[in-house]
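Q: Give me the fold of what follows.
(2 chains)
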Amino acid sequence: IAGITQAPTSQILAAGRRMTLRCTQDMRHNAMYWYRQDLGLGLRLIHYSNTAGTTGKGEVPDGYSVSRANTDDFPLTLASAVPSQTSVYFCASSTGANNEQFFGPGTRLTVL
Amino acid sequence: DQQVKQNSPSLSVQEGRISILNCDYTNSMFDYFLWYKKYPAEGPTFLISISSIKDKNEDGRFTVFLNKSAKHLSLHIVPSQPGDSAVYFCAAEAMDSNYQLIWGAGTKLIIKP
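A: Model (predicted):
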């Protein structure tokens, strides 16, 4: 089934630990995005990639890093997790045209 | 400062009636607007969009209206159905923004039987 998959579905993490959230799409979309969703704040862009091999910073990039080695995968890494990174994380992709973005099911991350 | 604002956190509407969800923005460089719908434990899904060169776009039961002078857009759903109960996000894209979207906080729509 075409779409975006994210793993894990949920995770409880101790502060200071390193964590990588995985995102894979099979639609051959050029652009991919990572968002966090917090109550009352909507979705905020963390990092994006317009094409394989390039990445850019979004609105809230601090504490996160990404890589885009190929078209399909766009992992998000928290090098040293902090409680303020407790959130629901969504990965999305798009062709770029008209910016209709397709979203994964999300990863619920709790940092204690 | 939020550039895209959805001032109503929630809205309750009777089944069969019209639902109107509102969105205001502050950045005059926004030239494309989108509405997304989100069910619990799922990612948002695209619903309808409008370019700044238009003032209305319709798709079945969903219509989006854009008032550029007021920097306001609205989503009308008519007639409202139980399956429309979800959180609705307004998002905007600015010219030369690398296709980045700025999102509102969302409005939770509840359709009452």
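
Q: Where does chain A get nearest to chain B, which residue?
A: A:F103 (2.9 Å; CB to the nearest CB). (C-beta placed from N, C-alpha, C; glycine too.)

Q: Which residue is the nearest non-sequential neighbour of that residue?
A: Counting by CB to CB, 6 or more residues apart in numbering or on different chains, A:F103 lies nearest to B:G43, which is 2.9 Å off, once chain neighbours are set aside.

Q: Count the residues that sit near the one you found.
A: Neighbour count for B:G43, taken as other CB atoms under 10 Å in any protein chain shown: 23.

Q: what do you get for B:S80?
A: Residues lying near B:S80 (other CB under 10 Å) number 22.

Q: mind checking the SS state of it?
A: Under DSSP: H, G, I helix; E, B strand; the rest coil, the three-state class of B:S80 is coil.

Q: how close does it get to chain A?
A: Distance from B:S80 to chain A, counting by CB to the nearest CB, to the nearest Å: 23 Å.

Q: In contact with that residue, which residues?
A: If a contact means CB atoms under 8 Å, 6 or more residues apart in numbering or on different chains, then B:S80 has B:V13, B:Q14, B:E15, B:G16, B:R17, B:I18, B:S19, B:L109, B:I111 as its contacts.

Q: repeat for A:W34
A: Contacts of A:W34 by CB under 8 Å, 6+ apart are A:21, A:23, A:45-48, A:58, A:64, A:66, A:74, A:76, A:89-92.

Q: Which of those sits closest to B:V87?
A: When the contacts of A:W34 are ranked by distance to B:V87 (CB to CB), A:F90 comes first, at 12.8 Å.

Q: can you confirm the residue nearest to A:F103 is in a helix?
A: No: counting by three-state DSSP, B:G43 falls outside a helix, being coil.

Q: In this structure it contacts A:S93, no?
A: No: between B:G43 and A:S93 there is no contact under CB atoms under 8 Å: 10.9 Å.

Q: Between the two, which contacts overlap?
A: Joint contacts of B:G43 and A:S93 (CB under 8 Å, 6+ apart) are A:I4.

Q: So which residues on chain A come close to chain B?
A: Within chain A, the positions lying close to chain B (CB under 8 Å from any CB of the partner chain) are A:4, A:31, A:35, A:40-45, A:48, A:50, A:56, A:58, A:90, A:92, A:94, A:96, A:98-106.

Q: Any regions of the chain where pLDDT drops low?
A: This is for chain A. Low-confidence segments of chain A (pLDDT under 70): A:1-2, A:97-99.

Q: wait, chain B
A: B:1, B:98-99.
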